[in-house]
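# sharing a model that was predicted from the sequence below.
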Amino acid sequence: MSLPFKTKLLVFTAVLGGFLFGYDTGVMSGCLVALEDAEPTWELSDSRKEIIVSSAIWACAVGALMAGFLNKILGRKISMMCGAAILTGASFIMAVAPNWQSLVVGRALDGVAIGFVSMTGPLYIAEQLPNDWRGPMTVCNQLLITIGILAGSIVAGIFEPVNKGWRWMLGLSCVPSTIMFVLFIFMPKSARWLYFQGHVEQAKAILIELRGTEDVSTEMKEIAEDFKQTTENEELGGKGFQVLLNMMKNTAVRRAMVIGLLLQLFQQFSGINSVMYYSATILVMSGASSNKAIWLSTAVSTANVAFTFIGVYGVERFGRKKLLMGSMTVMMLGLTLLGIAFIVINNSAKSMEVEGVLECVADSCYSCVQMDECGICESVANGLKCLNKNTLDSNITVHCGEKMEIEDVCKTKESWLAIVGLVLYIMGFAPGMGPLPWTINSEIFPNWARDTALSLTTFMNWVCNSIISQTFLQLSNAATPSGAFFTYCAITFVGMCYFFVFLPETRGMSLENTEELFEGKITFIGLNAGYEPKKTNNSYD
C-alpha cells in the first residue's frame, strides 16, 4: 500500500521535530569550543559551560511532562506548533545573546520546546499512519535525530572560523523550526484524538484524505474498539494520581517500572551525551586544534547515523536482549579505549621546566592547558614550556624559538586513540542502547498504565541526561578525562549485569501479554531471563 503525498508530507513535517532535537545536540559540541575563543569576556568556566548545556536538558524534562498534558487538551497538531513557535523564538534569543546568562535563557526555552516535539512527534506519526507503516515511519524520527546531530556538527565546522560564528550555529535552527510551523498549518489534526474528543465524522474525513480511499470502515472500527478499551482501562486503573498508586500495588507493573527507569538511567549514565555534547571538547583535550576537533566530531556523528541502521535491522532479527548485551559490550570497549588514550596522551608530553615568573607550574602538557591562563610553547632547542599566555615579555622568544606561539592544546601522535575510542563507543551505542530503552518501554506496560509509565521513564531520561551533561567537565578535571571514562565504563558494566539477569526478551510478544513476563518468581538468568507466570484474579496483586 502506497501512501498519498499528503501523508508523506505529514511524516516529513513531524520528523522535523526529531531533526531539531538532534541538531541541538550536535551543534553544541562545536559551539562550546567556539564560544570560549569568541567570548573571552564571558569568562566561561567549566561550571558555566555545563550550565549552558544542561539548562536546555532540564527544560526538556519539564517540556516532556507538559507535553503529556497539552496533548490531551490541545491535541498533537497544536502541541507541535507550540513547540515550533517556541523553538523559533529561542533560536533568535540565543543568536543575539549579549552574555552567557541570556544564552542560558534561550537554551531553557529551546529545551522546553524540544521536550514538546520529541514526545509528540512520534505519537502524531503513529496515530496518523496505517498499521503496516507505523513502525518504519516512527523509526524515521530516531533516524532524523541522528541526521540532525550530523547536520549540527557540519554547521559548527563551517562557522567555527567565522567571527562570532557560534551565533550562526545556534540561530540557524530557526530555519527548520519555521518550516515545521508553516507546514503544520496545513496538516490535519490526529484522527484518533478527534474521535476521542467526540468528532467522529471529522476523524473519518481525515482518514479518507490520508489513506486515499473511501473505505476506512475497518480502521474506524479499530479506533472505536480502542476508545472503548481505553475507557475501560481508565476505570480499571483510575485517573491521575490513582493510576500511579495502582501501578505501585501491581507486582508485575512495579517490576516493569524498575526495568524501564533503569534502562533510561543507564542509557544516560553510560556517558552518551557527554560524548555527543562534548565530543569536540574531548578531541581538543586529546591534542587536536579547535577547528580540526569540530570536524573530527562530525565523524562521530556520521558513525551515529550509520550504525543506527543496524539497530533497525537487528531489533527483530536478534531480539532486544541480545542486541542490548552486544551494544553495551562494545560501548565498554570504547570507553576503556578512551580512558587508556588519555593516559597515553598525558604521559607522552611531560617534563615541564619551571624557570622564572613567566612560567606556569605544571608537571605535564595536559595539566598545563587545563589552566585558563597557561599554554604550551614548543621548540626544537628548548622542548615544551608551560607559560603564561598573557605575558608580553620579549624574553619569551628564548623559550619558544623565533615565533612567539602559545598553544591551548597538547599536540601528540596518540590523538588518534581518542578518535577511535569515540567512534567505537558510538558503534556500540547507536544500534542498541540508543533506541532500545524507548522500544522496550513501549512494550512492557499494560494499556491502563502505559501513558503514565512512559511519561515517568521519559522524565527519568532527561533528568539523568542533565546530571551527566552538567558534571562531565568537572568530573574530567577532578578525576582526569581517563577517570571520567573509566567511571562511565564501570556504570555500563553494572547496568549490563543487571539487565543480563532481570530483563526478559519481549520480541514476538503482544502488548496484552507482556505483563505476564514480570509475574511470579524469576526463573532464568541470562538471555532467557524471565519470571514464572503467576495467575491471579486481583489486578493489583
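Received it, and whenever you're ready, just let me know what you need. Numbers count the residues shown, from 1 in each chain.
# now do whatever helix or strand Gly339 lives in: which elements does it pack against?
Using DSSP states H and E, Gly339 sits within helix 320-347. Applying 3 or more Cβ pairs under 8 Å, 6 or more residues apart in numbering; DSSP states H and E, we find helix 320-347 packed against helix 290-317, helix 365-369, helix 415-428, helix 436-441, helix 447-502. C-beta: built from backbone N, CA, C; applies to glycine.
# swap the cut-off to 6 Å and go again
helix 415-428, helix 436-441, helix 447-502 (3 or more Cβ pairs under 6 Å, 6 or more residues apart in numbering; DSSP states H and E).
# is it fair to say Cys386 lies in a strand?
Yes: checked against DSSP: H, G, I helix; E, B strand; the rest coil, Cys386 lies within a strand.
# could you shift the numbering so residue one becomes 220, and keep it that way?
In the new count, where the first residue is 220, that last one comes out as Cys605.
# how many residues are close by the nearest residue to it once chain neighbours are set aside?
Using Cβ to Cβ, 6 or more residues apart in numbering and skipping the chain neighbours, the partner closest in space to Cys605 is Cys587 (3.8 Å). Neighbourhood size, Cys587 [other Cβ atoms under 10 Å]: 25.
# swap in Met544?
Other residues close to Met544 by other Cβ under 10 Å number 18.
# then Ala309?
27.
# same check, this time on Gly302
For Gly302, using other Cβ under 10 Å, the count is 29.
# which parts of the stretch 220-369 of the chain are strands?
Counting by DSSP state E, counting those that start in this stretch, the stretch 220-369 of the chain has no strands to list.
# element containing Glu441?
helix 436-456.
# what are the buried residues along whichever helix or strand comes after that helix?
Counting by DSSP H and E, the next helix or strand C-terminal to helix 436-456 is helix 460-468. For helix 460-468, a neighbour-count test (16 or more other Cβ atoms under 10 Å) marks 462-463, 465-466 as buried.
# then stretch 251-264?
Per 16+ other Cβ under 10 Å, stretch 251-264 contains these buried residues: 251-255, 257-258, 261, 263.
# now swap in stretch 477-490 and tell me
With the criterion 16+ other Cβ under 10 Å, stretch 477-490 contains buried residues 478-490.
# could you export the residues you listed as a markdown table, including secondary structure, pLDDT and distance to Gly308?
Listed next are these as a markdown table, based on DSSP: H, G, I helix; E, B strand; the rest coil; pLDDT from 0 to 100; distance: Cβ to Cβ, whole Å:
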| residue | secondary structure | pLDDT | distance to Gly308 |
| --- | --- | --- | --- |
| Ile478 | helix | 93 | 38 |
| Gly479 | helix | 92 | 34 |
| Leu480 | helix | 94 | 33 |
| Leu481 | helix | 96 | 36 |
| Leu482 | helix | 95 | 34 |
| Gln483 | helix | 91 | 29 |
| Leu484 | helix | 94 | 32 |
| Phe485 | helix | 95 | 35 |
| Gln486 | helix | 92 | 30 |
| Gln487 | helix | 90 | 28 |
| Phe488 | helix | 91 | 33 |
| Ser489 | coil | 91 | 34 |
| Gly490 | coil | 84 | 32 |
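# between the residues you listed, which is nearest Arg536?
Closest approach between the buried residues of stretch 477-490 and Arg536, by Cβ to Cβ: Leu482, at 20.6 Å.
# so what's that closest one closest to, chain neighbours aside?
Leu482 sits nearest to Pro656 (Cβ to Cβ, 6+ apart), 3.9 Å away.
# let me know the distance separating the one you found from Glu438.
To Glu438, Pro656 is 30 Å away according to Cβ to Cβ, to the nearest Å.
# neighbour-wise, which of these two wins?
Remark: of Pro656 and Glu438, Pro656 carries more neighbours, 25 against 18, as counted by other Cβ under 10 Å.
# what sits against the more buried one?
482-483, 486 (Cβ atoms under 6 Å, 6 or more residues apart in numbering).
# okay if I get the residues you listed as TSV plus distance to Ala581?
Converted to TSV, the contacts of Pro656 look like this (distance: Cβ to Cβ, whole Å):
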residue	distance to Ala581
Leu482	42
Gln483	40
Gln486	37
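# helix or strand: which one has Ile595?
strand 593-598.
# avg pLDDT for that strand?
For strand 593-598, mean pLDDT rounds to 71.
# OK, contacts around Gly282?
For Gly282, the contact set (Cβ under 6 Å, 6+ apart) comprises 331, 334-335.
# ok so, going back, show me which pair in the buried residues of stretch 251-264 is furthest apart.
So, the buried residues of stretch 251-264 by Cβ to Cβ: farthest apart are Val252 and Trp261, at 13.8 Å.
# once you drop chain neighbours, what's closest to Cys301?
Phe335 (6.2 Å).
# contacting residues for that neighbour?
282, 286, 298, 302.
# can you put those in a markdown table and add pLDDT and distance to Gly431?
Listed next are those as a markdown table, based on pLDDT from 0 to 100; distance: Cβ to Cβ, whole Å:
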| residue | pLDDT | distance to Gly431 |
| --- | --- | --- |
| Gly282 | 87 | 35 |
| Ala286 | 81 | 30 |
| Ser298 | 90 | 26 |
| Gly302 | 92 | 29 |
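# about what we covered before: can you add pLDDT and give the buried residues of stretch 251-264 back as CSV?
What follows is these, written out as CSV (pLDDT from 0 to 100):
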residue, pLDDT
Leu251, 77
Val252, 74
Ala253, 80
Leu254, 82
Glu255, 75
Ala257, 76
Glu258, 78
Trp261, 82
Leu263, 77
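# for those, which one is nearest Ala649?
Leu251 (22.3 Å).
# from Phe718, how far off is that closest one?
32 Å.
# same thing with Ser661?
Taken as Cβ to Cβ, the span from Ser661 to Phe718 is 17 Å.
# do Gly330 as well
Following Cβ to Cβ, the distance that separates Gly330 from Phe718 is 29 Å.
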